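>>> pasting a predicted model and its sequence here:
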Amino acid sequence: MQSLYDIPAPAKLNLFLHITGRRDDGYHLLQSAFMLIDWCDTLHFEIRSDGIISREDLSWALPADDLCTRAAKALQDVTSCSLGVHIGIVKSVPAQAGMGGGSSDAASTLLALNRLWDLQLPLEKLMAIGLKLGADVPFFLSGRHGWVEGIGERITPIELPSARFVVVKPNAGLDTKLIFSDPELKRDSQPAIISGFAANTLTFGRNDLQAVAQKLCPGVNQALAWLATQGLSGRMTGSGSAVFAHLLHAVDLQSAPDAMQIKVCSSLDVHPLLGWANSDGN
């Protein structure tokens, strides 16, 4: 095997996001339900025999040390693999949207290179590498919708109903650090239980980050207001500026302001790469 092309890296929506506390090291404790959706980046991998990790941006320019490159280097370091790779990235999922685009790219990179380099690492080992790259990476490696707790490392697979959403991303993004450092951020939500969430999966709870995000980014307010004109109740996903609403009826996408990226998305049944790394290493 010398190459892998058209490897998907799907985004996620946080159906709710509660902050239940804060650790002594500053990391916030959260509860959330992550749903995989069909808004995907696409990755291409070509093996290199010289050990070099190179990258080609096939849509818009990414930072030099993006998560794909870091994931490849981390996997190389852990395994002492002498092979390299050239990575082509077709970005579609917006940055600073709260949809996990970079983390999903990293997860798909770990899964693809585990196969391309014939490393045969078990999923548990990839999860440990992924957690050091970012709190959301293990979720995308897990391959299923998840009930997520802790700092993102405690993942319980859950079943979610199929659904369609309209996702709205203002042109302006949001810096996660600014939200989590804001003194007005609510950090004391009462812990929820899966059974309570299961009774109202698409309307449960709230996003505790949303009030701060609306203060920091006017585009969030504009996106929510546009959804309201369409008869939809919107909610922010994650810690970025994207908002979403359960799509129950037709909407006039052409009526949205130009300063927004809008996409109608469907939930996925499972991650497209589910099973690429098995828990027993086979």
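Yep, it's here. Residues are numbered from 1 along each chain as shown.
>>> for the stretch 51-200 of the chain, which segments count as helices?
For the stretch 51-200 of the chain, applying DSSP state H, counting those that start in this stretch gives helices covering 67-79, 101-116, 123-133, 137-142, 176-180, 194-198.
>>> residues contacting the closest residue to E56 other than its chain neighbours?
Nearest residue to E56, sequence neighbours excluded (CB to CB, 6 or more residues apart in numbering): G88, at 4.7 Å. (Each C-beta comes from the backbone N, C-alpha and C, glycine too.) G88 sits next to 43-46, 55-56, 58 when contact means CB atoms under 8 Å, 6 or more residues apart in numbering.
>>> format the helices of the stretch 51-200 of the chain as CSV; extra columns: mean neighbour count.
As requested, these are exported to CSV (neighbours: other CB atoms under 10 Å):
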stretch, mean neighbour count
helix 67-79, 20
helix 101-116, 26
helix 123-133, 19
helix 137-142, 26
helix 176-180, 15
helix 194-198, 12
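>>> so for Y5, which of those helices sits nearest?
helix 101-116 (9.9 Å; CB to CB).
>>> can you count the residues close to H246?
By the criterion of other CB atoms under 10 Å, H246 has 16 neighbours.
>>> isn't it up against L160?
No. Using CB atoms under 8 Å, H246 is not in contact with L160; the gap is 11.8 Å.
>>> in this protein, which residue is closest to the centre?
The centroid of the chain falls nearest to G100 when counting by CA atoms, centre = their mean (2.0 Å).
>>> show me the contacts for that one.
Contacts of G100 by CB under 8 Å, 6+ apart are 11-12, 34, 93, 136, 139-140, 238.
>>> surely I52 is in contact with I87?
No. In this structure, I52 is not within contact of I87 by CB under 8 Å, at 11.2 Å.
>>> those two: who's more crowded?
With neighbours defined as other CB under 10 Å, I52 and I87 compare such that I87 has more, 24 against 10.
>>> which strand residues bridge the more buried one?
F45, R55 (DSSP bridges).
>>> just to revisit the earlier point, can I have the buried ones of the contacts of G100 as a PyMOL selection?
Selection of buried members from the contacts of G100 for PyMOL, criterion 16 or more other CB atoms under 10 Å:
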select buried, resi 11+12+34+93+136+139+140+238
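>>> cross the contacts of G100 against strands and list the overlap.
Among the contacts of G100, the ones falling in strands (DSSP state E) are 11-12, 34.
>>> using PDB, list the CA coordinates for stretch 128-145.
Written as PDB, here are the backbone C-alpha positions of stretch 128-145 (Å, rounded to 0.1, in the frame of the first residue of the first chain):
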ATOM      1  CA  ALA A 128      -3.900   8.000  24.000                       C
ATOM      2  CA  ILE A 129      -1.900   9.700  21.300                       C
ATOM      3  CA  GLY A 130      -5.000  11.600  20.200                       C
ATOM      4  CA  LEU A 131      -5.800  12.900  23.600                       C
ATOM      5  CA  LYS A 132      -2.300  14.600  23.800                       C
ATOM      6  CA  LEU A 133      -3.200  16.400  20.500                       C
ATOM      7  CA  GLY A 134      -6.600  17.700  21.600                       C
ATOM      8  CA  ALA A 135      -9.500  16.800  23.800                       C
ATOM      9  CA  ASP A 136     -11.900  16.100  20.900                       C
ATOM     10  CA  VAL A 137      -9.600  13.700  19.000                       C
ATOM     11  CA  PRO A 138     -10.400  10.600  21.000                       C
ATOM     12  CA  PHE A 139     -14.100  11.100  20.200                       C
ATOM     13  CA  PHE A 140     -13.500  11.000  16.500                       C
ATOM     14  CA  LEU A 141     -11.300   8.000  16.900                       C
ATOM     15  CA  SER A 142     -14.100   6.200  18.800                       C
ATOM     16  CA  GLY A 143     -16.200   6.100  15.700                       C
ATOM     17  CA  ARG A 144     -19.700   6.600  17.200                       C
ATOM     18  CA  HIS A 145     -21.900   9.300  18.600                       C
END
